[in-house]
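1. one predicted model, sequence on top.
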Amino acid sequence: MRRTIAALAAAGLLLTACNDADPSDSDGVSAESDSDSGADSDSEADTDAGEADSEAADGDQIEGIAVNVARSEQIGLVAIVDIESDEPVRARVVATSGDHVVTTPATSEPTTTLEIPVVGLRAGLDYDLDVEILGENDADVDAVSASFTTSDLPEWIADHDVTIDPSRTTDGYTIVEFDPALPDDEGPFTQYLVAYDTSGEVVWYYTNSGTLGGVEQTRDGTFLMHYWPFGIREVDMAGRVVAQWRPQPSGTAGETIDDQALIDGVDPDQADLNGTDFEGNPGDAEALPVRADWVDLTSFHHENWPMPNGNILALSTTNHELTAEQQAALCPGDPIDFDIISDVVVEYEPDGTVLRTWDLWDAVDVMEFPGSSMCEDDSLFAEPEHRDWTHANSAMYDPERDAVLISSRHTDQIIAFDHLDTEGPQAQLRWILGAGATIDIDGDLPYHQHAVEVLPDGALVVFDNGNGRPGTDPDDPQNLPYSRAVVYDVDDSSSDPSEWSASQRWEYRAEFDDGTPVYTDFIGDADVLDNGNVLITFGGIGSFPPSPEDPLSALIVEVVPSGTSGGDVAMQITSKAGQPNTAYRSEQISSFYVGDAWSTAG
């Protein structure tokens, strides 16, 4: 049996992430009295209350149920429905605006206090909300009615051209990590996330202080993202920072974080570009320190991978000294006394306790593989006295191999370490693909690659930027450099490593209308999706560093693979002409509602 109850929803403080939002948006949440329900038409919302009274269809008050609807303080498209009940209940929400309907899953466990963020709504629309209260029998539903108006999109979200074939794309949402490519007039980077639905509509966004990238959804439905080079945040679907972590040197102790030491430990250019205001958004959780007794951790960058056991696998850095002889051999004639920045993968628990680290210094011979930028003394990631050696840009845990996989960009290597049960520093190398390979690849090698991920069958998907690819030359129109997504089969199942093999399975290259290849010499991403499609991010097309006269742009495509190369484009997102924009990565998620809190059946 279904009964409709008219809720008198009291709106809380309504804020959005856009400072320029229309103040009238504060009226986006309201009570509705259903005239067909027999509710008193003279009833008004009690705006001083934090709850909504509920009235039954026959005009009698339903005892013990109160509903409040408010807007997320960070995301103007997200409605937060709070339910208080005298008896344990479950609930779900159905939001309707014209022919657009969003239905949340039901909460999984009966309880007296529920919160349901409603995610998937589109900008600038009025929605009718049916808050369905589920008792012991889900067929017996009490529906509390309310209304919610989404805000307009913030002005800082750039407009993009989106083309989608819904019959061939993957169900779910595509989250893109956008960057205006040039800092605004007031200072640091203004990066942000945008989620598109399968109709190409923006239904979610997020921003915070500093950079923002490496987004990965956790098993609980939250999102991990770094604010390079200073920390990592965990953000829920309503945009609230529920946890965050910052690295600290080994000589420090306790829960106190020395932010100034963290700032002093990175390139001043990084601090200037990213800002040193760690306050973040209002209400952000306090940061926890992450430190290891055996290595100085000087940053977090590029990666924050959620492990199956609930731990976090992150990329950090540390410095190693070189002898005068090594410096002279690596950079002849360089008058500066310099050390090198090596990348360190860190596994830590949610409370910040470091369990294991893997330092590339222990696996890669710096004299044999000095990298492409060793002698650059002034770059975004280095200082004259501290050189950017390996420049790792991804790290992930492979549960089938029980291994940690790392992309070392400047040395053109994909490196796998064994993940041992022992805690502390680890250095047991499994294999190397690319330069100095312990497993040769039957196919084209990757050059300055990004975003290495393992597939369920053990293969690897890689975004191959192509910097320095043999046979290519930016000054040769017949052999221009190109970037690509590539999948490698890797068979390391034998107990005899001499039998291990790797081969190229598939690749995809994009072209402009005039036939020239798409090339991004920095950033990029490639993910194989659940239906076999491949989401590819050509993230920084154009000259670097950019200028207003020659801005960078991004191209994001979802490809239906065909044979050993190419395929059909089922979805495409492009920067508008002349509009500066890059995209570090793109991720595809099936739902925002992930984890034990949500019922897959209801």
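-> Here it is on my side, so go on.
2. from here on, contacts and neighbour counts on C-alpha atoms
-> Fine.
3. and the strands in the stretch 451-600 of the chain?
-> 460-464, 484-491, 501-508, 525-528, 534-541, 553-561, 567-575, 582-589 (DSSP state E, counting those that start in this stretch).
4. now those in CSV, with distance to Glu216 and mean neighbour count?
-> Output for those, formatted as CSV (distance: least, Cα to Cα, whole Å; neighbours: other Cα atoms under 10 Å):
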stretch, distance to Glu216, mean neighbour count
strand 460-464, 16, 27
strand 484-491, 20, 23
strand 501-508, 24, 18
strand 525-528, 12, 26
strand 534-541, 15, 28
strand 553-561, 18, 23
strand 567-575, 20, 19
strand 582-589, 8, 25
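5. of those, which is nearest Asp296?
-> Asp296 sits nearest to strand 582-589 of all the strands of the stretch 451-600 of the chain, at 27.0 Å, using Cα to Cα.
6. neighbours around Thr103, how many?
-> Neighbour count for Thr103, taken as other Cα atoms under 10 Å: 15.
7. that one contacts Ala91, correct?
-> No - the criterion here is Cα atoms under 8 Å, and Thr103 misses it with Ala91 at 11.2 Å.
8. could you list the domains of the protein?
-> 2-149, 160-589 (automatic domain parsing).
9. so what's the residue nearest to the spatial centre of the chain closest to, chain neighbours aside?
-> By Cα atoms, centre = their mean, the chain has its centre lying nearest to Val215, at 1.1 Å. Counting by Cα to Cα, 6 or more residues apart in numbering, Met225 is the residue found nearest to Val215 once chain neighbours are left out, at 4.6 Å.
10. give me the phi and psi for the one you found.
-> phi -160, psi 150 (degrees, to the nearest 10).
11. so it sits against Ile232, correct?
-> Yes - with contacts counted by Cα under 8 Å, Met225 reaches Ile232, the gap being 5.7 Å.
12. end-to-end on stretch 369-388?
-> Distance across stretch 369-388, first residue to last, is 13 Å (Cα to Cα, to the nearest Å).
13. what mean pLDDT does that stretch get?
-> Stretch 369-388 carries an average pLDDT of 90.
14. then stretch 401-415?
-> Mean predicted confidence for stretch 401-415 is 98.
15. do stretch 145-152 as well
-> Per-residue scores along stretch 145-152 average to 96.
16. returning to that earlier point: shared neighbours, Met225 and Ile232?
-> Asn304 (Cα atoms under 8 Å, 6 or more residues apart in numbering).
17. between these two, who's got more neighbours?
-> Ile232 (26 against 23).
18. just grab the bridge partners of the more buried one for me.
-> His226, Trp245 (DSSP bridges).
19. how about the contacts made by Trp228?
-> 210-213, 274, 299-302.
20. toward the C-terminus, what is the element adjacent to the helix or strand bottoming out on mean pLDDT in the chain?
-> Lowest mean confidence among the helices and strands of the chain (mean pLDDT, DSSP states H and E): strand 53-55, at a mean of 35. Remark: after strand 53-55, the chain's next helix or strand is strand 61-71, criterion DSSP states H and E.
21. tell me where the stretch 201-350 of the chain has strands.
-> Using DSSP E, counting those that start in this stretch, strands in the stretch 201-350 of the chain cover 202-207, 213-217, 223-227, 231-235, 241-247, 287-290, 300-306, 312-320, 339-348.
22. and the longest one, what other elements does it pack with?
-> Taking 3 or more Cα pairs under 8 Å, 6 or more residues apart in numbering; DSSP states H and E as contact, the helices and strands that strand 339-348 lies on are strand 312-320, strand 354-359, strand 386-388.
23. tell me which of those sits nearest to Ala158.
-> Nearest of the helices and strands packed on strand 339-348 (Cα to Cα): strand 312-320, 29.5 Å.
24. could you pull up the mean pLDDT of the closest one?
-> 97.
25. so which bits of that strand are buried?
-> 312-319 (16 or more other Cα atoms under 10 Å).
26. understood, closing this out.
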